[in-house]
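Asks: Dropping a prediction and its sequence here:
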Amino acid sequence: EVQLVESGGALVQAGGSLRLSCATSGFSYDDYAVGWFRQAPGKEREGVACISSGHGDTYYADSVKGRFTISRDKAKNTVYLQMNSLKPEDTAVYYCNAPIGYSGSFYFNWGQGTQVTVSS
């Protein structure tokens, strides 16, 4: 059974940093890309960062490029999102999942997410 468990969210001041963790089970990073996504109140879910299967190439939304870093630890079955220079507009619930290419669909059910709140 596949599980995705996000953690690490918190209330932080603008300019601060957080590291989110996505603990996974039931699939291999060699076979699936994993991405971080976020949804702010009243807004649609958007992609933030993604790390490809295999070589682990990384991709970022323009809004977070240069501030966020996605990485993975295969031994720990965990994907991380290091978030620096946080802005109030980064406030959202953050989720991880395995995207099906660029289709907008995902392989697995969503986890509970982790709340990130950035105060100005």
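Replies: That came through fine. Keep in mind that what you see is a predicted model, and the values were worked out from it rather than measured. Residues are numbered from 1 along each chain as shown.

Asks: now the strands: where do they sit in this structure?
Replies: Taking DSSP state E as the test, the strands found in the chain are 3-7, 11-13, 18-25, 34-39, 46-51, 58-60, 68-73, 78-83, 92-97, 114-119.

Asks: For residue 104, which of these is the nearest?
Replies: strand 46-51 (9.3 Å; Cβ to Cβ). Backbone N, C-alpha and C define where each C-beta goes, glycine included.

Asks: Find the centremost residue of this structure, please.
Replies: For the chain, the residue nearest the mean C-alpha position is residue 36 (2.2 Å; Cα atoms, centre = their mean).

Asks: Model confidence for that residue, exactly?
Replies: Per-residue pLDDT puts residue 36 at 98.

Asks: That one: what's it in contact with?
Replies: By Cβ atoms under 8 Å, 6 or more residues apart in numbering, the contact set of residue 36 is 20, 22, 47-50, 68, 70, 79, 81, 94-96.

Asks: how does it look with 6 Å?
Replies: With contact taken as Cβ atoms under 6 Å, 6 or more residues apart in numbering, residue 36 is in contact with 48, 49, 81, 96.

Asks: again with residue 52
Replies: residue 33.

Asks: Any chance of the backbone angles for it?
Replies: Main-chain torsions, residue 52, degrees, to the nearest 10: phi -70, psi 160.

Asks: Show the model's pLDDT score for it.
Replies: For residue 52, pLDDT reads 96.

Asks: rewinding a little: does the residue nearest to the centre of the chain have beta-bridge partners, and which?
Replies: residue 49, residue 96 (DSSP bridges).

Asks: for residue 114, same thing?
Replies: residue 94.

Asks: low pLDDT regions in this protein?
Replies: The chain contains no residues with pLDDT under 70.

Asks: and residue 67, how many neighbours does it have?
Replies: Burial of residue 67 is recorded as 15 neighbouring residues (other Cβ atoms under 10 Å).

Asks: Tell me the spacing between the nearest residue to it once chain neighbours are set aside and residue 77.
Replies: The shortest distance from residue 67 to any non-neighbouring residue, by Cβ to Cβ, 6 or more residues apart in numbering, is to residue 85 (4.7 Å). Distance of residue 85 to residue 77, given as Cβ to Cβ, to the nearest Å: 28 Å.
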